[in-house]
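Asker: give me a 3D structure for the following:
(2 chains)
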Amino acid sequence: MLQEASRRGPEIVQARTDATLADVTAEQETKRWRTWLPVPVANFVCIATHWFVSTTEPPVETRSYFVFLWNFLAVALLLAIAQLWLPALRRRMRQMGPIFAGALLTLCGWELITSGFHLLPLPYFPGPAAVFQSLINDRALLFDSTWHSLILLLGGYALGVIAGLISGICIGWSTPVRYWGMPILKVVGPIPATAWIPLAMVVSPSAVFSAAALIALAVWFPVTMLTASGISNTRASYLDVARTLGAGRRYLIFRVAIPAALPSIFIGLFMGLGASFLTLVVAETVGVKSGLGWYVSWAQGWAEYGKVFAALVIMAAFFSTIMTVLFKVRDRVLVWQKGVIKW
Amino acid sequence: MVVSAETEASSLRVHDITKGFPLPEDSAARRLALDGVSLSLAAGELVSVVGPSGCGKSTLLRLIAGLDAPDSGELAVGAESITGPNAERGLVFQDPNLFPWLTVRRNIEAGLVARHVLHEKRHEVDEFMRLVGLESFADAYPHHLSGGMAQRVALARALINHPKVLLLDEPLGALDAFTRMRMQDEVLRLWQARRTTMLLVTHDIDEAIYMSDRIVIMTQRPGRIERTIPVNLQRPRDRSSAEFLRLRSEILELLHFAGAAAA
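Answerer: Predicted coordinates:
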């Protein structure tokens, strides 16, 4: 009996291994469908919806949306074929496929709510086709506006970061500077930068200059606050060790306190970036005669809501790209922290 | 080769040191952490300080390192009195305190960078990485290292400055028993190769007997030196020899007595 069991043992194990293998391949097979199928299907649903909607409502010029959707479908199908030979692409598609499918279905839902069943009042809520058309028709001005916004944003942000780092390091490191600087920071800092707009318009010679200064002010506060707290929370033992290694003040500040404060400084940079977006758009809406914020209010003035939405789409892409760049920079700079902190 | 640091200039003298700290509840009153502590280390000597926790051992090391100033008394290395932290007195803590943003190599280089001599002494970096057996981890960041490896980096980082005196504040306290014994031999090897004057603070009586030329026993609150016991055993020492065990029980008895006197 015992002998028989021991003789059969390996077979059982073997059988189980086969079963598991079969399960795995079956799972992979279904996963493979999931890798390439969702996007083309969602895309097709979009095209069908749009075709249906546009037959009931012919006057609006929406050919480019159609062209866009067909091109998208063509690319999705090409990728679906290419991933058979490219494992790296397959992994990427498995990860991103559902997101893209979801985005396409959202477009589809938007089209149904607006152009399809007229659930939202026109002209305030145009369908995706009309927005896409505005995007295409007004691309030159949109590009120009984005460019102006970028210049203004980067100028103001850089100014604010430099000022914030300098004041943050001084406040964090030196006790007298902290004594006098902290109250100023606590009183002036929390005022939203946009609240200074009336004053800025009177004082400054040019609207662009005052907008840059306001953005810098908005960035300066969080960067200063978090740099100062990062510097003053540097572990005392790091400073002690550095001193016994013969470090002078420069080394202590630039090679111990600042690196130790970097995680905190980056939180400040992210908060400052968010504040800079807000200030940028408000400043462009109110004073500056260029940029995406100006474009939105200008298009609204002409009741061209397709253009308003087009500008919002551009803003979303623009701001999230800049955010992503900052994330990449942080991952690069804080590579030593991998596995220590996630946020 | 690593240059020997054994000269008269590397003797350490602590004379009648008193140090108090303000009490948290009343900043005018001070609690004495060290009271009339005197101690002398000949150049190249390895001395251990043992005592109950709170007897001011770490305070004593911080004073010698120059990180704090004594209320009264004198501290000197060779003929020079101690006025502040300096690269000639290295300090290694229980926590290795490696700079987490620097790789192993850059951590070891830190002292050279701080003293602006990296350019002339770059070749020594490899030498010290070899000395502590970490060549293959040169580009690793500290969070990848085990406790023992991290402490070896901390030792190399302190030694690259060729300190006259190396202060060790329970450097092996956080390690497991096996790593700890291996590291004791490692520290002894470094000491024998370089003859740096070393002052080792420890909780571990076996470690003190195994490693040091003399053992200084301190009492609690305020910290005073109770007794100094020479260890006249041949190196390498046998942790289970009769003499070792006799010394061990003698010190244990003294420490119990020291604890009872304070209570």
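Asker: lowest average confidence, helix or strand, in chain A?
Answerer: When the helices and strands of chain A are compared on mean pLDDT, DSSP states H and E, helix A:2-36 comes out lowest with a mean of 51.
Asker: contacts only, for the residue of the stretch 1-150 of chain B at minimum distance from chain A.
Answerer: Of all residues in the stretch 1-150 of chain B, B:Ala87 sits closest to chain A, at 3.1 Å by Cβ to the nearest Cβ. C-betas here are computed from N, CA, C, even on glycine. Residues counted as contacts of B:Ala87 (Cβ atoms under 8 Å, 6 or more residues apart in numbering or on different chains) are A:244-246, B:111, B:114-115, B:161, B:163.
Asker: using the three-state scheme, assign it.
Answerer: Look at B:Ala87: counting by DSSP: H, G, I helix; E, B strand; the rest coil, its state is coil.
Asker: nearest spatial neighbour of it, skipping sequence neighbours?
Answerer: A:Gly246 (3.1 Å; Cβ to Cβ, 6 or more residues apart in numbering or on different chains).
Asker: could I get the contacting residues of the one you found?
Answerer: By Cβ under 8 Å, 6+ apart, the neighbours of A:Gly246 are B:86-87, B:111, B:114-115, B:161.
Asker: now with 6 Å?
Answerer: By Cβ atoms under 6 Å, 6 or more residues apart in numbering or on different chains, A:Gly246 lies in contact with B:87, B:111, B:114-115.
Asker: can you list those in a markdown table and add secondary structure?
Answerer: Listed next are the contacts of A:Gly246 as a markdown table, based on three-state DSSP:
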| residue | secondary structure |
| --- | --- |
| B:Ala87 | coil |
| B:Gly111 | helix |
| B:Ala114 | helix |
| B:Arg115 | coil |
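Asker: can you tell me which two in those are farthest apart?
Answerer: B:Ala87 and B:Ala114 (7.5 Å; Cβ to Cβ).
Asker: what pLDDT does whichever residue of chain A sits closest to chain B get?
Answerer: At 3.1 Å from chain B, A:Gly246 is the closest residue in chain A, using Cβ to the nearest Cβ. Listed pLDDT for A:Gly246 reads 89.
Asker: so it lies in a strand, does it not?
Answerer: No: looking at A:Gly246 with three-state DSSP, it is coil, so not inside a strand.
Asker: residues in contact with stretch A:73-85?
Answerer: Here stretch A:73-85 has contacts from A:36, A:39-40, A:43, A:89-90, A:93, using Cβ under 6 Å, 6+ apart.
Asker: same check, this time on stretch B:112-129
Answerer: Here stretch B:112-129 makes contact (Cβ under 6 Å, 6+ apart) with A:245-247, A:251, B:87, B:108-109, B:135, B:156, B:160.
Asker: re the thing from before, could the contacts of A:Gly246 go into JSON lines alongside distance to B:Ile217?
Answerer: JSON lines is the format used below for the contacts of A:Gly246 (distance: Cβ to Cβ, whole Å):
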{"residue": "B:Ala87", "distance to B:Ile217": "30"}
{"residue": "B:Gly111", "distance to B:Ile217": "32"}
{"residue": "B:Ala114", "distance to B:Ile217": "35"}
{"residue": "B:Arg115", "distance to B:Ile217": "36"}
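Asker: out of these, who has the most neighbours?
Answerer: B:Gly111 (28 neighbours; other Cβ atoms under 10 Å in any protein chain shown).
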